[in-house]
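S.K.: Sequence and predicted structure below; questions after.
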Amino acid sequence: MSQVNIVVPPFTMEQSIGIEQAYFTPNVMIHFYAKFLRRPHTEDEQAYFTPNVMIHFYAKFLRRPHTEDDLKQGTEGAAKALDLVEKNLADKPYLAGQNFSLAGIAWMPYLRIARDVGLGDLLQRRPHVNDWATRVSGRPSFGP
């Protein structure tokens with residue numbers, strides 16, 4: 001039997017992010033919630049936040065066509081996610097408890113994007129989120 005070589009062209013950044021957001025992360029998080037958080041994967045905070053912030057990113061930096069309603073939806077969705085995170089951080093310094101973890105690392109690029117696209121006020125209006133984001137982004141490994 002002959003072997004068929006399939007050549008897959010490299011993904012664009014937009015395709016890579018889209019595949020991660022649509023297929024990989026939501027499915028992996030089902031297992032993460034069950035194993036480590038011991039609760040159902042129902043209101044996944046980042047599932048609300050990431051795609052909504054990215055609406056603004058695509059509009060501002062990639063010049064993707066958008067409407068004012070798209071941006072409004074993105075802002076409202078990101079705010080809803082941050083409300084959930086604010087509640088989660090009310091009694092602990094980090095998303096997964098008392099220590100810095102992968103949960104925080106996963107959020108940091110999108111928090112930076114939120115600031116870069118003009119949504120920093122969404123972070124600042126939530127004191128626990130703002131303190132947490134400041135604490136994590138101040139780590140030497142976060143970079144400039």
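M.R.: Happy to help now that I have it. Numbering: from 1, shown residues only.

S.K.: Would you mark the buried spots in the helix or strand containing residue 122?
M.R.: Using DSSP states H and E, residue 122 maps to helix 120-124. Neighbour counts using 16 or more other Cβ atoms under 10 Å place 122-123 of helix 120-124 among the buried residues. C-betas here are computed from N, CA, C, even on glycine.

S.K.: Tell me which residues are up against that helix.
M.R.: 75, 78-79, 82, 111, 114-115, 129-130, 133 (Cβ atoms under 8 Å, 6 or more residues apart in numbering).

S.K.: same thing with stretch 134-143?
M.R.: 93-94, 100, 104, 107-108, 111-112.

S.K.: Where neighbours are concerned, which of those has the most?
M.R.: Highest neighbour count within these, by other Cβ atoms under 10 Å: residue 111, with 24 neighbours.

S.K.: residues in contact with residue 108?
M.R.: 133, 136-137, 142.

S.K.: at 7 Å instead, please
M.R.: Contacts of residue 108 were listed using Cβ atoms under 7 Å, 6 or more residues apart in numbering, and they are 136-137, 142.

S.K.: Is it located within a helix, as I assumed?
M.R.: Yes - the assignment for residue 108 is a helix, going by DSSP: H, G, I helix; E, B strand; the rest coil.

S.K.: can you tell me how far it sits from residue 71?
M.R.: Per Cβ to Cβ, to the nearest Å, residue 108 is found 23 Å from residue 71.

S.K.: which of the contacts of residue 108 has the most neighbours?
M.R.: In terms of neighbours by other Cβ under 10 Å, the contacts of residue 108 top out with residue 136 at 19 neighbours.

S.K.: What is the three-state secondary structure of that one?
M.R.: helix.

S.K.: Produce a PyMOL select command limited to the buried residues of the contacts of helix 120-124.
M.R.: Here is the PyMOL command that selects the buried residues among the contacts of helix 120-124 (16+ other Cβ under 10 Å):
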select buried, resi 75+78+79+82+111+114+115+129+130+133
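
S.K.: mind listing which of the contacts of helix 120-124 are in helices?
M.R.: Using DSSP state H, 75, 78-79, 82, 111, 114-115, 129-130, 133 are the members of the contacts of helix 120-124 that sit in helices.
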